[in-house]
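In: Coordinates for the following, if possible.
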Amino acid sequence: MFSQFFGHYLLNRGLINADQLKDALELQQSTHVKLGVLAVNEGFMTSSQVEAVHEKQKQVDKRFGELAVELGYLTEEQVEKMLSTQKHHHLQLAQALVDRKYMTIDAFSQALATYKKEYGLSDEKFEAIKSGDIEALVDSLLTVSSEEQKTYFTDYLSLFAKNMIRFIDGQLHFEISPLKGVLEAEYYVSQEITGEKPLYTAIAAGEKTFLAMASAYAEEELTEMDELAAASVSEFLNLHNGIFLVNMSNIGIELEMKPQQFKEKVEITGSDTSYVVTVYTSKGSFKLMLCDTPEKFPSLRELTRSTEM
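Out: Model (predicted):
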């Protein structure tokens, strides 16, 4: 995931252009093989066992290898052997950029050092981020008012990133900022989490990205905005929030979820207690809205009637 963030850092600094980044990430993606594919290729697992692990990941926030060991499909030694081929994704990005002659290795190394300095990262934290620690990466991007809020949002967004990668799109990066002004959403799915630490969550997207997300989650090509498309994205948000509730319960925080709401053509007026995460994928971008004081969530102006999912 860091390679996506760092690639866009290079783009935003004018060190590479958009076409070069797209080409390099596609080249990197072609050399990165998921653990399930590696396991089948090595003869460690069958395809049905891989599918069983993927289904289990819809219930708990655990890595593929960890679940495969728990289910008796893999040994820890087999997992470590396969993981060794997946480490240091940023080096794969560097190799792609150098091979294509878009950057020199010295320029890439200098940009890494500048990135570390700009984000105020310690050696330990930077190594964790480069090695794929999603929690450390999200924590470095969040600037919120309190450490308690930062920890809560880091937990939520780290899990969201993992679930996006697991179920929707492996090419992912995002930007986080306060939700201010007015945003428009062609399609809008929301769900409120209630209890000791309430949270309002919502996904806002245009038709193209919404359908791409729906198709990925439903595992079939959806070309029209219909009930199945709406239900698929709604169910993804519900699945994610459900796993988040399990994680919170594991640390003694009991929460509940209200039913999802699907709306069309919505205007969202921001407030100083809410945040918007712009999520970029290979199929387009969408907005994830978060507010840990749901009663203060920005007002919505609907142009069509809402539907409970």
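In: centroid residue for the chain?
Out: A161 (2.1 Å; CA atoms, centre = their mean).
In: Now stretch 146-154: buried residues?
Out: For stretch 146-154, a neighbour-count test (16 or more other CB atoms under 10 Å) marks 149, 152-154 as buried. Any C-beta I mention is one placed from the backbone N, CA and C, and that applies to glycine too.
In: same thing with stretch 286-304?
Out: Those would be 286-292, 294, 297-298, 300, for stretch 286-304 by 16+ other CB under 10 Å.
In: Can you check the pLDDT for the residue nearest to Q92 when sequence neighbours are not counted?
Out: Of all residues not flanking Q92 in the chain, Q28 sits nearest, at 4.6 Å (CB to CB, 6 or more residues apart in numbering). The per-residue pLDDT reported for Q28 equals 74.
In: L11 contacts A24, correct?
Out: No - using CB atoms under 8 Å, L11 makes no contact with A24, being 10.2 Å away.
In: any low-confidence regions in the stretch 201-309 of the chain?
Out: 298, 303-309 (pLDDT under 70).
In: ok, which stretches of it are helices?
Out: Assigned by DSSP state H, counting those that start in this stretch, the helices in the stretch 201-309 of the chain fall at 207-218, 227-250.
In: what sits up against the shortest one?
Out: What it means is helix 207-218. With CB atoms under 8 Å, 6 or more residues apart in numbering as the test, helix 207-218 has contacts from 167-169, 186-187, 203, 205, 221-225, 228-230, 232-233, 235-236, 281, 283-286.
In: thought S299 was touching V266?
Out: No - assessed by CB under 8 Å, S299 is found out of contact with V266, at 10.3 Å.
In: what about stretch 262-282, distance to the chain center?
Out: Centroid displacement of stretch 262-282 relative to its chain, using CA atoms, centre = their mean, to the nearest Å, is 15 Å.
In: tell me the phi and psi of D226?
Out: phi -130, psi -170 (degrees, to the nearest 10).
In: Any idea how many residues pack against it?
Out: 11 (other CB atoms under 10 Å).
In: Same question for V277.
Out: 23.
In: I'd say it and L179 touch.
Out: No - using CB under 8 Å, V277 is not in contact with L179; the gap is 9.5 Å.
In: Give the residues shared as contacts by these two.
Out: M289.
In: looking at the helices of the stretch 201-309 of the chain, which is closest to Y119?
Out: Proximity to Y119, assessed across these by CB to CB, is greatest for helix 227-250 (25.6 Å).
In: so the top strand by length along the chain versus helix 207-218, what angle?
Out: Identified as the longest strand of the chain according to DSSP state E is strand 182-195. Strand 182-195 runs at 30 degrees relative to helix 207-218, counting by axes from the mean of the first three to the mean of the last three CA atoms, to 10 degrees.
In: list the helices and strands strand 182-195 packs on?
Out: Secondary-structure packing of strand 182-195 (3 or more CB pairs under 8 Å, 6 or more residues apart in numbering; DSSP states H and E): strand 199-205, helix 207-218, helix 227-250, strand 255-257, strand 261-269, strand 284-291.
In: Many thanks, we can stop here.
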